[in-house]
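Peer 1: below are the sequence and a predicted model for it; my questions follow.
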Amino acid sequence: MRVLALDLGSKRIGVAVSDADERVAIPITTLERIADKSRLYAQIQQLVEDWEAELVLLGLPIDLEGKTGIAASAVIAEREQLAKRLKVPVELHDERMTTRIAERSLRERGDLDAKARRKVIDAVAASVILQDWMDARRNAGSVGEDLSE
């Protein structure tokens, strides 16, 4: 099953996709957050169709203490909106520390300056979320945890 992952930010949305075997997460693009949600969600649906994704995974920004704050509440609300518009299921996955992991990974590469890193960080963060979700599913040997309920 191919999965499309989104790292929902206030300015940008990072997008990553899995391979068909759910082994590798690949950062693919960053969408600019626009006020017209119908148009934004149409862009996301187009990505779902282009990549033949069967599931959309959203990073849920739970704080380090395991609590949901304002940002997580916003993602949960947006999940409900996306679930109504997209033609595939939409799930949530704990994204704690993913942006920091992505930033560290990009810094270690050493070939991108700060400005270039900002352009790709959201897509890389989405790939970290997706890779963590796939690894957890593989390690559990089950369907995985759906945090959307």
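Peer 2: On my side now, so go ahead.
Peer 1: C-alpha only now, for contacts and for neighbours.
Peer 2: Noted.
Peer 1: this structure: strands as residue ranges?
Peer 2: 3-8, 12-18, 25-32, 55-60, 90-94 (DSSP state E).
Peer 1: by mean pLDDT, point me to the weakest helix or strand of this structure.
Peer 2: Sorting the helices and strands of the chain by mean pLDDT, DSSP states H and E puts helix 98-109 at the bottom, at a mean of 65.
Peer 1: can the strands of the chain go into a markdown table with extra columns for mean pLDDT?
Peer 2: Shown next, in a markdown table, are the strands of the chain (pLDDT from 0 to 100):
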| stretch | mean pLDDT |
| --- | --- |
| strand 3-8 | 96 |
| strand 12-18 | 96 |
| strand 25-32 | 96 |
| strand 55-60 | 97 |
| strand 90-94 | 95 |
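Peer 1: mean neighbour count and distance to Gln45 added to these, as TSV?
Peer 2: TSV is the format used below for the strands of the chain (neighbours: other CA atoms under 10 Å; distance: least, CA to CA, whole Å):
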stretch	mean neighbour count	distance to Gln45
strand 3-8	28	10
strand 12-18	24	12
strand 25-32	20	12
strand 55-60	24	10
strand 90-94	21	12
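Peer 1: mind giving me the packing neighbours of the helix ranked longest in the chain?
Peer 2: Longest helix in the chain by number of residues (criterion: DSSP state H): helix 114-140. Applying 3 or more CA pairs under 8 Å, 6 or more residues apart in numbering; DSSP states H and E, one finds that helix 114-140 contacts strand 3-8, strand 12-18, strand 25-32, strand 55-60, strand 90-94, helix 98-109.
Peer 1: distance to Ile44 added to those, as JSON lines?
Peer 2: Shown next, in JSON lines, are the helices and strands packed on helix 114-140 (distance: least, CA to CA, whole Å):
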{"stretch": "strand 3-8", "distance to Ile44": "9"}
{"stretch": "strand 12-18", "distance to Ile44": "9"}
{"stretch": "strand 25-32", "distance to Ile44": "9"}
{"stretch": "strand 55-60", "distance to Ile44": "9"}
{"stretch": "strand 90-94", "distance to Ile44": "12"}
{"stretch": "helix 98-109", "distance to Ile44": "21"}
